[in-house]
Every structure is written in C-alpha cells, then in structure tokens.
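J.: One predicted model, sequence on top.
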Amino acid sequence: MSKPRTTARALRVFAEARAADGAMLPIYSAGGPRGAPALLAGHANGLAAGAYAPWFTMLARRFRVFAFDARGHGRSRWPDGPLDEVFSVDRFAEDLAAVAARLAARLGGAAIAFAGHSLTAAAALRLAARSGSLPFARSVLFEPPIFPPREHANYAEAAAQQERLIAGSARRRAHWPSPNAFRDFIHGRGVFKNFAPGYLEAHCRATLKRDPAGGYVLRCPPAVESAVFRSHRDADTWQRLPLISLPLDLVSGDPDLAGRDWVSGAMAAIAARLPRAKLAVLRGAGHLMIQEQPAACCDLIFKLLAPPEG
C-alpha cells in the first residue's frame with residue numbers, strides 16, 4: 001500500500017441518534033469516495049471520534065467513513081442519573097444499535113461495516129450476545145475489554161490494572177488552560193507515549209471543550225470515564241461470548257510486550273470463546289494500537305473489509 005496522507009479531514013455532523021433514555025449521539029461524516037462502501041468507526045473510553053480523525057483520512061481512500069461519539073464522550077449528550085445505570089455496558093450496546101439504525105436510514109438501507117475500538121468493540125459483543133446479531137455486514141473489533149472471571153489465569157492481572165484505571169481516571173485533571181497545555185502534559189506519558197505524529201494533537205482537540213469560566217475542560221468527565229471502566233469490570237459479557245455465532249475479526253495488541261495491557265493478555269482467550277472469531281495480533285502494539293500503528297490498522301481494515309481496488 002502506498003503511504004497514505006495523514007492530514008485529518010474535519011468531521012462533519014451527518015446525523016444524530018437518540019437513545020431510549022434520551023441520550024443524543026452525534027454521527028459524523030469523515031469523507032470518502034462517492035459510492036464507496038460505508039464504514040462506521042467507534043472509539044475507546046475517554047477518547048472521542050475526532051481523536052481518530054487522521055486515521056479516518058487513511059480509511060477514506062476506500063471507504064465512505066462515518067464515526068460517532070459514545071455517550072459521555074465528545075459532543076454527545078446524556079441524561080442525569082446514577083452513573084452505573086447511565087453508563088452501563090447495556091446502554092452502550094443499545095446506543096450502538098441506535099447509531100447503526102440511524103446511519104442506515106440516512107444511507108437508504110446500504111450495508112455498513114463496523115470497526116470498533118475498546119469501548120465500542122465491547123459494545124458490539126454485548127449487543128451480539130443479547131440479540132444474536134449485529135446490524136453490520138462485517139465487524140472488526142480492536143481489543144474489546146471483556147473482563148475475565150475469577151477462575152481465569154488472566155484475572156489477577158486484569159483486576160489489578162482495572163482497579164488502577166478506575167481510581168486513576170476518577171482523579172484525572174479535568175481543567176486545562178489550552179489544548180497545547182494538555183498535549184504538553186500527556187506527551188510521552190503512559191498510553192500516549194507511542195502515539196504516531198498528529199494523533200496526540202487530534203486527541204487533545206477532540207477531548208476538550210471551552211469552559212465558560214475560562215480555559216478548557218474534558219468532554220468526558222473523570223467520573224464518567226471511571227464509571228465506564230467499572231462497568232466493564234463488573235459485566236458478565238465473558239460468560240455470554242459462546243452465544244455469539246457471528247463471524248467476527250478480532251485484533252489484539254502484542255501479548256508479549258513489556259507492560260502490556262491486560263486486554264492484550266486476554267485476547268486469545270476471548271477469541272477462543274467466540275465460535276466463529278478470527279484473531280490477528282499486531283506485534284509491538286499496545287491497547288491504543290490505532291493511534292500507535294495507524295497504517296498497520298488501516299491495512300488490516302482494507303484486507304478484511306474493503307473490496308479489492310480496481
């Protein structure tokens with residue numbers, strides 16, 4: 001594949017999906033050739049659709065690309081209520097169905113492929129386990145965080161890491177003087193240290209909004225991000241995986257990477273519990289593999305979902 005442009009197109013609001021509880025989820029158009037197959041992309045917890053904008057430019061060479069902000073993220077709006085209810089794994093699954101239905105209606109019933117990352121990949125598996133189907137022609141799921149049971153060999157690692165995520169995200173600094181200040185602070189830290197050029201800037205722009213009191217504030221409040229991590233820890237999706245008979249393509253980060261995320265360590269077992277799943281492993285990649293290895297992830301999407309060129 002020739003080296004793609006990475007200059008991000010601006011995301012344009014294309015439609016809005018309304019969830020059963022009144023949450024409003026913006027759907028964006030990210031470009032692509034007229035008449036190309038449609039691809040819906042979903043983001044990870046604490047991120048937003050715009051954080052993937054440079055990647056969408058790559059995908060738009062062969063797809064008409066769409067994306068959405070999950071509840072609690074980006075420009076979504078959500079109702080008041082207990083966080084464990086408003087941000088339960090079942091709400092995210094229902095939201096994904098609502099987004100897919102709204103997008104399909106706008107596209108005249110055209111088939112849609114799906115590429116979900118982390119939070120939204122888990123939502124797809126939850127939806128498939130509940131309904132027995134997915135509203136997509138094909139799906140590629142990048143590291144869905146399906147929490148293992150106590151008896152699983154990966155449980156202790158997963159529990160320790162998830163507790164740190166729950167506590168750490170709850171303490172996250174929410175206010176910043178500018179997107180540049182936010183970028184300078186997270187540059188080289190933790191999961192952000194291996195981001196490809198341009199992706200850290202896209203993340204900072206997409207996940208901050210102006211604060212009327214001055215400066216900027218995170219669009220995903222720390223309490224919400226923490227509640228989402230907690231809901232995945234407490235979910236029973238692992239036990240439901242054998243109920244999913246759909247063909248699925250899963251993508252794992254490197255399970256042999258030093259300091260790996262627990263999800264990378266569990267991906268082989270997650271895939272084994274899905275009767276018709278295939279697993280690809282991206283060597284050297286962590287959980288935020290799309291931001292770390294965008295070209296490799298784009299190539300994989302083209303291989304699995306796009307029709308041949310020419």
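T.: Thanks, I have the structure now.
J.: May I have the residues that are in contact with the closest residue to Leu243 other than its chain neighbours?
T.: Sequence neighbours aside, Ala129 is the residue nearest to Leu243 in space, at 5.2 Å (criterion: Cβ to Cβ, 6 or more residues apart in numbering). Where C-beta positions appear, they are placed from N, C-alpha and C, glycine not excepted. If you count contacts by Cβ atoms under 8 Å, 6 or more residues apart in numbering, Ala129 has them with 237, 240-241, 243-244.
J.: now those residues in JSON lines, with pLDDT and secondary structure?
T.: Below are the contacts of Ala129 laid out as JSON lines (pLDDT from 0 to 100; DSSP: H, G, I helix; E, B strand; the rest coil):
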{"residue": "Thr237", "pLDDT": "98", "secondary structure": "helix"}
{"residue": "Arg240", "pLDDT": "97", "secondary structure": "helix"}
{"residue": "Leu241", "pLDDT": "98", "secondary structure": "helix"}
{"residue": "Leu243", "pLDDT": "96", "secondary structure": "helix"}
{"residue": "Ile244", "pLDDT": "97", "secondary structure": "coil"}
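J.: Now rank those by neighbours and give me the top one.
T.: When neighbours are counted by other Cβ atoms under 10 Å, Ile244 leads the contacts of Ala129 with 25 neighbours.
J.: so where's the stretch 151-300 of the chain shaky on pLDDT?
T.: Along the stretch 151-300 of the chain, no part satisfies pLDDT under 70.
J.: quick one, strands of the chain?
T.: Secondary structure of the chain by DSSP state E: the strands cover 12-18, 24-29, 38-42, 64-68, 112-117, 139-142, 175-176, 208-210, 216-218, 248-252, 277-281.
J.: so which of the ones you listed comes closest to Val191?
T.: strand 112-117 (12.7 Å; Cβ to Cβ).
J.: Which strands and helices lie in contact with that closest one?
T.: strand 38-42, helix 89-106, helix 119-131, strand 139-142, helix 294-305 (3 or more Cβ pairs under 8 Å, 6 or more residues apart in numbering; DSSP states H and E).
J.: Point out the most buried one among these.
T.: strand 139-142 (a mean of 27; mean count of other Cβ atoms under 10 Å).
J.: got the buried residues for stretch 268-286?
T.: Residues 270-271, 273-274, 277, 280, 282, 285-286 are the ones in stretch 268-286 that count as buried (16 or more other Cβ atoms under 10 Å).
J.: Just the helices from the stretch 151-300 of the chain, written as ranges.
T.: 155-170, 179-186, 199-207, 222-234, 237-240, 262-272, 289-292, 294-305 (DSSP state H, counting those that start in this stretch).
J.: Turn these into TSV, columns for distance to Gly35.
T.: Formatted as TSV, the helices of the stretch 151-300 of the chain follow (distance: least, Cβ to Cβ, whole Å):
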stretch	distance to Gly35
helix 155-170	41
helix 179-186	36
helix 199-207	27
helix 222-234	37
helix 237-240	37
helix 262-272	34
helix 289-292	26
helix 294-305	16
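J.: any idea which of those helices is most buried?
T.: The highest average neighbour count among these, using mean count of other Cβ under 10 Å, belongs to helix 289-292 at a mean of 26.
J.: ok, the most centrally placed residue in the chain - contacts?
T.: By Cα atoms, centre = their mean, the mean C-alpha position of the chain lies nearest to His43, the distance being 2.5 Å. By Cβ under 8 Å, 6+ apart, the contact set of His43 is 49, 51-52, 67, 69-70, 73-74, 117-120.
J.: Please repeat the previous calculation with a cut-off of 6 Å.
T.: His43 sits next to 49, 117 when contact means Cβ atoms under 6 Å, 6 or more residues apart in numbering.
J.: now do Ala158
T.: Each residue near Ala158 by Cβ under 6 Å, 6+ apart is listed here: 148, 262.
J.: again, but for Phe63
T.: 32, 36-37, 39.
J.: Among those residues, which one is most surrounded by other residues?
T.: Counting neighbours by other Cβ under 10 Å, the top entry in the contacts of Phe63 is Leu39, with 27 neighbours.
J.: Bridged to that one, which residues?
T.: Val65, Ala113 (DSSP bridges).
J.: Do I have it right that it meets Arg64?
T.: No - counting by Cβ atoms under 6 Å, Leu39 stays clear of Arg64, with 7.1 Å between them.
J.: And for Pro242, the neighbour number?
T.: Pro242: 12 neighbours (other Cβ under 10 Å).
J.: so what's it up against?
T.: Arg273.
J.: And for Gly188?
T.: The contact partners of Gly188, by Cβ under 6 Å, 6+ apart, come to none.
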